[in-house]
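In: need a 3D model of the following:
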Amino acid sequence: MDRSERLLNADQTVSAAIAGDEPAFAALTERHRRELHVHCYRMLASFDEAEDAVQETFLKAWRGREGFEGGSQFRAWLYRIATNVCLDMLRRSSRGTAGNSFADLPWLQPYPDLLLDQAAPSEEQPETVAIERETISLAFLAALQVLPPRQRAALIARDLLGWPAVETASALGTSVAAANSALQRARARMQAHLPPKRAEWSAREPSAEERELLEQFIAAHERFDAEAALAIAAQDIRVTMPPLPYCFDGLQAIRPMMADAAAMGEWRLIPVGANRMPGDSEFRAFKLDVLRIEGGAIAEITTFGAGILAAFGLKPTL
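Out: Residues are numbered from 1 along each chain as shown. Next up is the predicted model:
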């Protein structure tokens, strides 16, 4: 089937879906589920809330399908609905926008790399290359949360999805001038929370050095070797545990944790990927650690509870 035939079939599927064909509508929306989930995750920084947002997006799209103007813009239409669903959710929440660590973001959750792979780019969906290239790390997500919701939406639409100013303004229900103003304020505010080198935010495969560091981390924790664990940590290492408000800074602050871990019994850890960063997870559904490596040492550990492990394809028991 050539490109023209695929486009014709796609147009026919859209027409049937908008006319009220439920199976056609379900098939059409499902093909965009994962990328919309990533979009909502960027807006909300919560894996679970992003799932709720996608479900609400599909419901609103079905109920408002007669408002779709047709053509090849069905995907963009879904994105606009999803953006506004997220804005509504943020308006209803009581979240603050200031935070100095992940401990200030109790709603923050990790995103499994295995699911990010399902939203990988294709020739017909170039926008999703942003999932591979950058802006999915926990640190970037946390920086986004500093932005007011509409500024956050403008930044994601323009800089991550590559929408033109007119389309961004339409999605936000505002003027082009207002949308551009929100974007400029968002960019300026983000600069205060981003590393000096923009390249540091580019996602890539872990280096051999990082993989070795992860193996050392796992080995040290499985044999309760506190000195080995501390030897591969940065002096100013930070450990947080969203949604718990704990924040431990520095080697001496985390030293007692090894003794606490030993008192819990034997540990087994396996490496998994989260937010395009190396991480590890305990097999007995206890926790998931996401590591940030900097300068050849572990600079930060963000610990999440067992509730998120199912999304990573991990079983509750060994």
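In: without its sequence neighbours, what residue ends up closest to D52?
Out: Of all residues not flanking D52 in the chain, M89 sits nearest, at 7.7 Å (C-beta to C-beta, 6 or more residues apart in numbering). To be clear about C-beta, it is placed using only N, CA and C from the backbone, and glycine gets the same treatment.
In: look at R198 and report its pLDDT.
Out: On pLDDT, R198 comes in at 50.
In: just to check, Q216 is in contact with D225?
Out: No: the pair Q216 / D225 is not scored as a contact, 9.7 Å apart, by C-beta atoms under 8 Å.
In: sketch out the low-pLDDT regions of this protein for me.
Out: 1-11, 70-72, 96-100, 119-135, 194-206, 265, 276, 278-286, 315-318 (pLDDT under 70).
In: where is the longest helix in it?
Out: helix 74-92 (DSSP state H).
In: give me the distance between that helix and the centre of its chain.
Out: 16 Å (C-alpha atoms, centre = their mean, to the nearest Å).
In: and that helix, what does it pack onto?
Out: For helix 74-92, the elements it packs on are helix 33-44, helix 47-63, helix 149-155, helix 165-172, judged by 3 or more C-beta pairs under 8 Å, 6 or more residues apart in numbering; DSSP states H and E.
In: can you add mean neighbour count and distance to D249 and give those helices back as TSV?
Out: Listed next are the helices and strands packed on helix 74-92 as TSV, based on neighbours: other C-beta atoms under 10 Å; distance: least, C-beta to C-beta, whole Å:
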stretch	mean neighbour count	distance to D249
helix 33-44	24	27
helix 47-63	18	26
helix 149-155	24	27
helix 165-172	18	38
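In: ranges for the strands of this protein?
Out: Assigned strands in the chain, in chain order: 233-241, 244-249, 269-274, 277-282, 287-294, 297-305 (criterion: DSSP state E).
In: just name the most buried of those strands.
Out: Comparing the strands of the chain by mean neighbour count (mean count of other C-beta atoms under 10 Å), strand 277-282 comes out on top with a mean of 22.
In: need the contact list for the residue nearest to D52.
Out: Taking C-beta atoms under 8 Å, 6 or more residues apart in numbering as the criterion, M89 is in contact with 44, 49, 52-53.
In: L144 now?
Out: Residues in contact with L144 (C-beta under 8 Å, 6+ apart) are 42-43, 45, 152, 155-156, 190.
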